[in-house]
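Need a 3D model of the following:
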Amino acid sequence: MDTPVGALATASVVATQLNELADKPGLGSRRDELKSLADALQGLGDGDIEPWTELDLLQAYARPESVSAALAEAPEHRAWALLEVAIGTLVFLPLLFTWFGLSRAADAYRTLIGEDPKSAARPFLQLWQSGFEGRLADWSTFGHVAGSATAVILLLFLLAAVHGVRRTRTEHRADQARRTADELLALLVPLLTRAQLLLNEQRLSSPRRFTAELTGAAANLGRLGENAVRAHERSARSRPRSPRRSRPPTPGSTPSTPPCSRWNGPSPGSRRPY
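Residues are numbered from 1 along each chain as shown. Alright, predicted model coming up:
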């Protein structure tokens with residue numbers, strides 16, 4: 001599959017391209033899931049499409065984890081780790097050889113001058129190269145020390161060159177793996193997008209989905225009815241009550257006389273008329 005799937009591709013075309021994409025090594029971690037999705041789209045085997053309709057394919061599969069196999073690096077041989085340790089160690093070896101040889105030469109020169117002061121007139125390097133008249137071992141002469149330091153420097157240069165070539169190849173493989181992963185995601189995203197559209201169509205036309213939505217709508221209506229009843233009851237309880245009015249007398253009935261206070265005679269101080 002060299003080009004992304006078209007926006008109007010059928011389920012069969014999408015399933016075919018999913019199978020082709022799942023066979024790529026970079027998607028090895030998602031191979032079984034993508035093939036199961038392809039079977040569900042085609043209705044093959046035991047592939048049930050209903051569970052797929054509730055899944056967000058882009059959120060689940062269009063992720064860097066899906067192409068982790070393309071980014072996986074091969075394990076390195078232990079020799080490369082030892083090489084890095086050797087390079088870090090050999091950097092100081094020429095200095096060690098040079099200063100050790102120089103310290104031995106200084107001791108031999110001091111001994112020679114003590115025994116033969118006239119030798120101080122000769123150049124120090126000439127005396128060092130001659131071994132200070134037999135007072136210095138052959139491997140400690142100037143020529144041997146310089147040759148050993150040069151050999152270590154050449155070895156260090158060779159190992160650094162090998163390490164640089166190996167590091168360049170490793171970085172090149174890593175760049176190639178990232179490009180491969182990006183290409184796989186570029187093919188996977190539009191393919192999953194089209195598959196998601198097909199699944200959405202299936203979900204909307206599914207009897208199970210229709211039943212679930214109808215049940216949910218009925219439950220929502222029931223909750224709305226209960227909320228309306230509770231709101232009406234609260235409104236009725238909070239409404240102020242009007243004052244109670246007296247009932248008018250009916251025809252033929254005797255109007256009630258308001259109660260009078262009992263008379264206990266004239267009050268003190270009041271005068272009776274004559």
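
Could you use CA atoms for every contact and neighbour count after this?
Will do.

Point out where the protein drops to low pLDDT.
1-8, 44-48, 203-214, 239-274 (pLDDT under 70).

same thing but 50
Low-confidence segments of the chain (pLDDT under 50): 3, 45, 246, 253, 256-263, 265, 267, 269-274.

now the helices for it?
11-22, 31-42, 50-53, 57-61, 68-71, 78-90, 93-115, 124-129, 131-134, 142-205, 207-238 (DSSP state H).

now those in TSV, with mean neighbour count?
Listed next are those as TSV, based on neighbours: other C-alpha atoms under 10 Å:
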stretch	mean neighbour count
helix 11-22	20
helix 31-42	20
helix 50-53	17
helix 57-61	14
helix 68-71	20
helix 78-90	12
helix 93-115	16
helix 124-129	17
helix 131-134	17
helix 142-205	16
helix 207-238	12
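
Contact partners for residue 32?
residue 22 (C-alpha atoms under 8 Å, 6 or more residues apart in numbering).

what does the one 3 residues further on give?
For residue 35, the contact set (C-alpha under 8 Å, 6+ apart) comprises 18, 19, 22.

For it, give its distance to residue 11.
13 Å (C-alpha to C-alpha, to the nearest Å).

And for residue 165?
For residue 165, the distance to residue 11 - C-alpha to C-alpha - is 49 Å.

ok, residue 23 touching residue 31?
Yes - here residue 23 lies in contact with residue 31, judged by C-alpha atoms under 8 Å, at a distance of 6.7 Å.

between the two, what contacts are shared?
The contact lists of residue 23 and residue 31 share no entry, where a contact means C-alpha under 8 Å, 6+ apart.

what's next to stretch 60-71, contact-wise?
25-30, 174, 177-178, 180-181, 184-185, 188-189, 192.

Let's see that with 10 Å instead.
Outside stretch 60-71, the residues that touch it by C-alpha atoms under 10 Å, 6 or more residues apart in numbering are 24-31, 33-34, 56, 173-186, 188-190, 192-193.

next one: that stretch to chain centre, how far?
11 Å (C-alpha atoms, centre = their mean, to the nearest Å).

From start to finish, how long is that stretch in a straight line?
Stretch 60-71 end-to-end distance (C-alpha to C-alpha) = 19 Å.
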